[in-house]
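**Student:** Task: produce atomic coordinates for the following.
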Amino acid sequence: MGMQQSPRSAGVRIANNVISPHPHLAEFEIWWRDHYHYLEEKGYKLRSRYSPDWVPSWTNTNKIDINCEDGISSPHYLLLDARRIRDGARVSLKCIDVTRHPHEIEIARYFCSSSLREDPENHCVPIYDVLEVPNAKHLKILVMPLLRNAADPYFDTVGEVVDYVHQLFEGLRFMHRHHVAHRDCMQLNILMDGSMFIDAWHPSEQFMSEDLKRAARHRTRTQSPPQYYYIDFGISRKYEASNTDPLEDPIFGGDKDVPEFKEDNYKPRNPFPTDVWYLGHAIQETLLERYTGLEFLSGLVSDMMHSDPAQRPNMDEIFSRFQVLRQGFSSCKLRSRVAHDDERSFFDLLVHWARRTQYIIHLSVVVTGNWRQSQGYM
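**Tutor:** Presented below is the predicted three-dimensional model:
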């Protein structure tokens with residue numbers, strides 16, 4: 001995912017000048033601090049930690065820094081959260097070195113073009129803005145919605161997993177149909193929106209509320225189905241429609257287990273079958289290795305991860321096969337439990353059934369109310 005330097009060296013490279021030390025900020029954070037007012041002028045306000053006038057909230061108190069909202073840094077040196085000033089929307093800022101990743105902005109903007117952005121099959125992260133960086137022509141800042149780990153909190157039912165996998169297959173098929181190979185569609189580059197969350201979460205400690213005072217409360221994915229998105233087009237490529245077998249030298253993304261990249265003699269490869277392997281591996285790691293009750297995915301994922309790229313199905317075939325699978329599920333099957341490795345106790349089973357019963361009762365009340373209204377009883 002992007003540059004491979006350490007945060008310290010990256011901070012120096014990004015700043016491209018002598019940076020002022022700070023006892024509580026890492027070098028890469030100081031770069032963001034030095035652009036605080038510029039970003040504010042552009043309509044984006046960083047957290048208090050990155051203000052030039054910041055005084056840590058635990059100063060002269062008995063508080064511990066890691067228990068304070070402003071005591072936790074960004075988890076990645078190229079990314080930082082902010083709020084859009086005009087409406088308070090939470091956003092993510094990504095600093096890009098365009099000399100290293102010259103196609104990222106072009107491809108990200110392509111999927112946000114007027115002809116594609118409203119397509120329901122488009123699961124590429126929306127791009128709100130692209131900002132110049134003063135005195136650094138090689139840098140740009142992408143502004144995107146603030147998203148979170150797609151696998152947290154845990155899945156509860158088969159139906160929730162089916163919706164997740166459907167969106168992933170649909171989204172990668174959409175990219176491939178528009179002749180774009182992602183080339184790094186691993187688990188870390190699949191995120192979701194916060195529609196199921198009651199509380200805003202802290203961007204660096206996503207299981208906690210924004211003020212770090214409690215666990216972030218949320219509904220189930222059944223109650224508030226999230227949208228899933230592919231992010232990070234740093235090594236993605238777009239091809240002409242006439243180029244049906246593009247060949248690229250291997251470029252390692254975050255997942256280093258691709259079979260065709262393990263051969264003694266590297267040779268140019270078609271990146272589209274490699275995308276299929278990446279996604280199959282992401283599903284295997286996220287779902288099949290951690291949950292019970294998902295055996296129906298095993299055969300398809302196994303085919304996606306075939307060691308011979310020529311033997312892997314393409315995304316059109318994968319999507320069609322998955323639709324046949326899901327159409328065979330009854331409503332009872334879709335509501336059945338999937339159990340994560342950490343949730344296999346009898347108590348967890350009771351909690352699942354309590355949620356399921358509550359949902360069924362709520363749905364029955366809604367349906368009955370709609371029927372009574374249609375009959376003129378309400």
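**Student:** which residues are contacting the host helix or strand of residue 130?
**Tutor:** When elements are assigned from DSSP states H and E, residue 130 belongs to strand 129-132. With CB atoms under 8 Å, 6 or more residues apart in numbering as the test, strand 129-132 has contacts from 39, 42, 105, 109, 140, 141, 142, 143. No exception for glycine: its C-beta is placed from N, CA and C like everyone else's.
**Student:** what mean pLDDT does that strand have?
**Tutor:** Mean pLDDT, computed over strand 129-132, is 98.
**Student:** Just checking, which helix or strand succeeds it along the chain?
**Tutor:** strand 139-145.
**Student:** What is the neighbour count of residue 111?
**Tutor:** Look at residue 111: counted by other CB atoms under 10 Å, it has 24 neighbours.
**Student:** Quick check: it touching residue 124?
**Tutor:** Yes - counting by CB atoms under 8 Å, residue 111 touches residue 124, with 3.8 Å between them.
**Student:** quick one: common contacting residues for these two?
**Tutor:** Common neighbours of residue 111 and residue 124 (CB under 8 Å, 6+ apart) are residue 175.
**Student:** Helices of the stretch 1-150 of the chain, residue ranges please.
**Tutor:** 7-15, 27-34, 36-41, 104-111 (DSSP state H, counting those that start in this stretch).
**Student:** so who does residue 343 touch?
**Tutor:** Going by CB under 8 Å, 6+ apart, residue 343 touches residue 154.
**Student:** what about it, distance to residue 290?
**Tutor:** Counting by CB to CB, to the nearest Å, the separation of residue 343 from residue 290 is 10 Å.
**Student:** same check, this time on residue 30
**Tutor:** Distance from residue 30 to residue 290, by CB to CB: 38 Å.
**Student:** Over to residue 49?
**Tutor:** Distance from residue 49 to residue 290, by CB to CB: 33 Å.
**Student:** cool, and residue 319?
**Tutor:** Taking CB to CB, one finds residue 319 at 24 Å from residue 290.
**Student:** Repeat that for residue 131.
**Tutor:** Separation of residue 131 from residue 290 (CB to CB) stands at 38 Å.
**Student:** so residue 161 sits in a helix?
**Tutor:** Yes - assessed with DSSP: H, G, I helix; E, B strand; the rest coil, residue 161 lies in a helix.
**Student:** Count the neighbours of it for me.
**Tutor:** So residue 161, with other CB under 10 Å, has 22 neighbours.
**Student:** which ones are touching it?
**Tutor:** Residue 161 makes contact with 155, 287, 291, 294, 297, 338, according to CB under 8 Å, 6+ apart.
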